[in-house]
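**Student:** sharing a model prediction with you, sequence too.
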2 protein chains.
Amino acid sequence: MAQAGPRLAIDAMGGDGGSALTVAGVARAAAHDPALAFLLFGDEAQLRAEVARHPGLVGRAEVRHAPEVVGGDDKPTLAIRRAKTTSMGLAIAAVKDGAADAALSAGNTGALMAMAKLALRTIEGIDRPALAALLPTLGHHDLVMLDLGANTECDARNLFEFAVMGAAYARIVHDLAEPRVQLLNIGTEELKGTGELRDAAAMLRAAPHLPLRFDGFVEANRLGSGEVDVIVSDGFSGNIALKTAEGTARFIGDLIRRSFTSSFRSKMGFLLSRPAITLLRQGLDPNQRNGAVFLGLNGTVVKSHGSTTADGFAKAIGVAAKLARGRLVSRIAEDLARTRAPTAPQAA
Amino acid sequence: MAQAGPRLAIDAMGGDGGSALTVAGVARAAAHDPALAFLLFGDEAQLRAEVARHPGLVGRAEVRHAPEVVGGDDKPTLAIRRAKTTSMGLAIAAVKDGAADAALSAGNTGALMAMAKLALRTIEGIDRPALAALLPTLGHHDLVMLDLGANTECDARNLFEFAVMGAAYARIVHDLAEPRVQLLNIGTEELKGTGELRDAAAMLRAAPHLPLRFDGFVEANRLGSGEVDVIVSDGFSGNIALKTAEGTARFIGDLIRRSFTSSFRSKMGFLLSRPAITLLRQGLDPNQRNGAVFLGLNGTVVKSHGSTTADGFAKAIGVAAKLARGRLVSRIAEDLARTRAPTAPQAA
């Protein structure tokens, strides 16, 4: 019990793989990062049995009973009424109470978002929380992108706040001093796009004291280029972009399978190419960069893919640990305070 | 000079390949479809020289001199002032005057859209034209998607009209009686998305006499699934989806190249797999489905990729010919008239 690292509250019942998968993921993360401690929320008997399978968890994972589980199709309005009895609700409450430094769930996204917002409230100065994730690029590190669907419609102030929050995230996960931030638009010229985007760009240009470099608009065909650290959009466009990228990757995967099974020669080529294809799969594997984050709340809540592997769940735990260590919430609050500080008059 | 088929007005100067490429594309299309006739607009001496290289064009391609060319970076407002002197403007004017059945350009999209809108005006009952294109799917035929960027913001009536126009397009290019139409959204539940989307869905549900089957919302990860014939969105979301798909395809192409050159074994595999990879490339080749269309105008105007090949330009000519033969403009007008016809009162 001598861990100095963050203590993470785990909804051990959420996700398609159930508690066997989540506890296996916790065990991998525990082995990988000996400083972590865990609070596991869910059916006590079930969790004790799962923990017993992983000797490495002895003394590091405390089981807390939750009689109920939020269902994958439960409406958020229903879920929040069961905040005190579900594994998801209790994991979030542990962050609120200070018993844990971050919460993680692979369960129902809408319910998690609603529960987290209600329990943790938004950071002072933040109007709305946003959903951020890491996307693969051809550059040195992944792209931080937000909002991915928490807010269907956003005004300029929301987009400005997302830029501040996304930059704080990128500073922590990629250890950057001043992340390069762009706004997603349908062209790069100053007059392109909606009024909200143009106003948000003007607000970001007028805030040079923020720890980020704002670099105008970016088009959606540059998402994977690796040239930018943070891309900001409203939740509608961000969700469209994320899902289009997922769908296109799956589409191309299917085409590859069809192409490589079209002849004997191709099949031979496929066998010889297997290491290359494994490499390709890893480059696209969502489990390699699992862990979307709700930014803007007084507490860190990470969402794992529902259909992740134990390895993928461990990656999401790694994200939660990194954000807890990086003091995500206080960084965002500090950066926002800078934008409210009196600034020198801007040149016209 | 005995062609019975459509006569197409070609902006022979637009696009990165210049007149050598466009005239080569015209020659391929002419060989493929002996009924077509062409009006070629551009520098007369240059075009005569190019036409002379293609004996198959004798008697089928008439050269019309245009002293100017719209530049790739020209502002639409500048371009429309030169409608009577540019190859692009004169090609559109030929459609307006009835000298041609459709116009085609690989030049500046914004200028083409502005010129076409000004010269041809929108069909009665259509508020705004939209940009539609064919996207690859795993199904039996390509997807008709619109709007891809002509309108940044759209109201419910615009989306409704796009659905009518997209369905008319799908009926012609895929020979369908009642294309299946969906609205792009960030979820499939009735309450998802913006008010505009929900209102457009209600309008489409209340118009069962249209020659289309409206089937609610679709998420962006289903674009390539082949389950739907037409997907409708505002121009902002549509452009984000289109460019994300392009960017993701290029990203995966780069990953594939890196993966296959990572070892000697992989390189051998690559050589053996070449036919499969060629097949894969064809499945994703934008030249295979070149030709975006401005829908909603009193005349058919097709936009080719600026960086297309002669083959790709010929494909776009094929699209223009098909839409001219299919009487695109009158179909849209007829369908709209049906929506204005008195209908039985709707059940609540």
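**Tutor:** Looks like it arrived, so ask away.
**Student:** what about dumping the CA coordinates of stretch A:151-170 to PDB?
**Tutor:** Provided in PDB are the C-alpha atoms of stretch A:151-170 (Å, rounded to 0.1, in the frame of the first residue of the first chain):
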ATOM      1  CA  ASN A 151     -22.300  19.600 -27.800                       C
ATOM      2  CA  THR A 152     -24.300  19.500 -31.000                       C
ATOM      3  CA  GLU A 153     -24.200  23.300 -31.400                       C
ATOM      4  CA  CYS A 154     -21.500  25.600 -30.200                       C
ATOM      5  CA  ASP A 155     -21.000  29.300 -30.100                       C
ATOM      6  CA  ALA A 156     -17.600  31.100 -30.400                       C
ATOM      7  CA  ARG A 157     -17.000  31.200 -26.700                       C
ATOM      8  CA  ASN A 158     -17.500  27.400 -26.500                       C
ATOM      9  CA  LEU A 159     -15.000  26.900 -29.300                       C
ATOM     10  CA  PHE A 160     -12.500  29.200 -27.500                       C
ATOM     11  CA  GLU A 161     -12.900  27.300 -24.300                       C
ATOM     12  CA  PHE A 162     -12.400  24.000 -26.200                       C
ATOM     13  CA  ALA A 163      -9.100  25.400 -27.600                       C
ATOM     14  CA  VAL A 164      -7.900  26.200 -24.100                       C
ATOM     15  CA  MET A 165      -8.900  22.800 -22.700                       C
ATOM     16  CA  GLY A 166      -7.500  20.900 -25.700                       C
ATOM     17  CA  ALA A 167      -4.200  22.700 -25.400                       C
ATOM     18  CA  ALA A 168      -4.000  21.800 -21.700                       C
ATOM     19  CA  TYR A 169      -4.600  18.200 -22.600                       C
ATOM     20  CA  ALA A 170      -1.900  18.200 -25.300                       C
END
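**Student:** flag every residue of the stretch 101-250 of chain A that's near chain B.
**Tutor:** A:136-138, A:149, A:152-153, A:184, A:186, A:193-194, A:219-225, A:233, A:235-237, A:239-250 (C-beta under 8 Å from any C-beta of the partner chain). Where C-beta positions appear, they are placed from N, C-alpha and C, glycine not excepted.
**Student:** what mean pLDDT does stretch A:203-217 have?
**Tutor:** Mean pLDDT, stretch A:203-217: 93.
**Student:** contacts for that stretch, please.
**Tutor:** The list of residues contacting stretch A:203-217 from outside it, by C-beta atoms under 8 Å, 6 or more residues apart in numbering or on different chains, reads A:156-157, A:160, A:163-164, A:167, A:171, A:177-185, A:187-190, A:192-193, A:197, A:201, A:228, A:230, A:335, A:338-339, A:341, A:343, A:346.
**Student:** what about those residues, which are in helices?
**Tutor:** In this view, those that belong to helices under DSSP state H are A:A156, A:R157, A:F160, A:A163, A:V164, A:A167, A:R171, A:L197, A:A201, A:D335, A:R338, A:T339.
**Student:** verify the stated contact: A:E219 with A:Q182.
**Tutor:** No. Taking contacts as C-beta atoms under 8 Å, A:E219 lies outside contact range of A:Q182: 9.5 Å.
**Student:** of those two, give the one with the bigger neighbour count.
**Tutor:** Each of A:E219 and A:Q182 has its neighbours counted (other C-beta atoms under 10 Å in any protein chain shown); A:Q182 has more, 24 against 19.
**Student:** for the residue most central in space within chain A, which non-adjacent residue is closest in space?
**Tutor:** By C-alpha atoms, centre = their mean, the mean C-alpha position of chain A lies nearest to A:A292, the distance being 1.5 Å. Using C-beta to C-beta, 6 or more residues apart in numbering or on different chains and skipping the chain neighbours, the partner closest in space to A:A292 is A:A133 (4.1 Å).
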